[in-house]
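# What follows is a predicted protein model with its sequence.
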Amino acid sequence: MSVKMHRCKNHEAWLKNRKKYLGGSDVSCILGLNPYKTNLQLYREKVGLVEAPDLSGNAAVEYGTKAEEHIRALFALDHPELEVSYVPYNSWHNSKYPFAAASLDGWSREKETDRKGVFESKTAIITSKAQAEKWNNRIPDNYYCQVVYYLGVTEWDYVDLRARLRHEYPGNRYIVERDYHIERSECEEDIPIVMEAAAMFYDRLKKKEEPPLLLSI
């Protein structure tokens, strides 16, 4: 087993590298748990039948990208027991999973125990009670798939996810930040399920076999 980080030269090289693999954001689509993209849409993008949507002008995506470094820095200040690290354009790979790439928002090391973990930054705009409920003592299913995948690739001990949630209602707007800590032991049974699903999807890509449509509930 070998887990290594590859650092791409720039954003363009990172995007080119990303196309060769299945990333963390792909996994929820593969499992039918992504509210924005189906597994069939992902398949057609990966084999070149359709173009992936250009999200560069999406205000919510741009906000999340620009906020990431600040969220990571504040998380490090709030957790002096951790050594928080980040390298731009990183891509983590595991020889057990040649189809997988994990582009991490950061990673950490517990100073006392030397345990290592994934850091993930998320932003969301909350406009309804249903949306808020998805963050109530848990993280949304699509993000859970992502962090489980990252644990599979890195084989690390835990995930820390910090979410900056912008609640916007008529006449009322406020921001809540939440930390979610997930131990590997809490999702140990889910890791092989997620990694196997990704492996099967990747095999379909190589064989050009379209998968049956899965719809997010």
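Ah, there it is. Numbering: from 1, shown residues only.
# Mind jotting down where the strands sit in this protein?
Here the chain has its strands, by DSSP state E, at 3-7, 82-85, 90-94, 97-102, 106-110, 116-126, 158-169, 172-183.
# okay, the ones you listed in TSV with distance to residue 199, mean neighbour count and mean pLDDT next?
(Glycine included, C-beta is placed from N, CA and C.) Formatted as TSV, the strands of the chain follow (distance: least, C-beta to C-beta, whole Å; neighbours: other C-beta atoms under 10 Å; pLDDT from 0 to 100):
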stretch	distance to residue 199	mean neighbour count	mean pLDDT
strand 3-7	17	12	96
strand 82-85	29	16	98
strand 90-94	12	20	98
strand 97-102	6	20	98
strand 106-110	24	21	98
strand 116-126	20	21	97
strand 158-169	21	18	96
strand 172-183	22	12	96
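# Which one of the ones you listed lies nearest to residue 48?
strand 97-102 (17.2 Å; C-beta to C-beta).
# what sits up against that closest one?
Strand 97-102 is contacted from outside by 17-18, 20-24, 91-94, 118, 149-150, 152-154, 195, 198-199, 202, using C-beta atoms under 8 Å, 6 or more residues apart in numbering.
# on that earlier part again, quick one, which of the strands of the chain gets closest to residue 209.
Across these, closest to residue 209 is strand 97-102 (C-beta to C-beta), at 14.9 Å.
# could you dump the closest one to CSV, C-alpha only?
Extracted C-alpha coordinates of strand 97-102, given in CSV (Å, rounded to 0.1, in the frame of the first residue of the first chain):
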residue,chain,number,x,y,z
TYR,A,97,-7.4,2.5,-5.7
PRO,A,98,-5.8,3.5,-9.0
PHE,A,99,-9.1,5.2,-10.1
ALA,A,100,-9.2,7.6,-7.2
ALA,A,101,-7.9,11.1,-6.5
ALA,A,102,-8.5,13.1,-3.4
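# Determine the longest helix present in this structure.
As assigned by DSSP state H, the longest helix anywhere in the chain is helix 59-78.
# and it, what other elements does it pack with?
Applying 3 or more C-beta pairs under 8 Å, 6 or more residues apart in numbering; DSSP states H and E, one finds that helix 59-78 makes contact with strand 82-85, strand 116-126, strand 158-169, strand 172-183.
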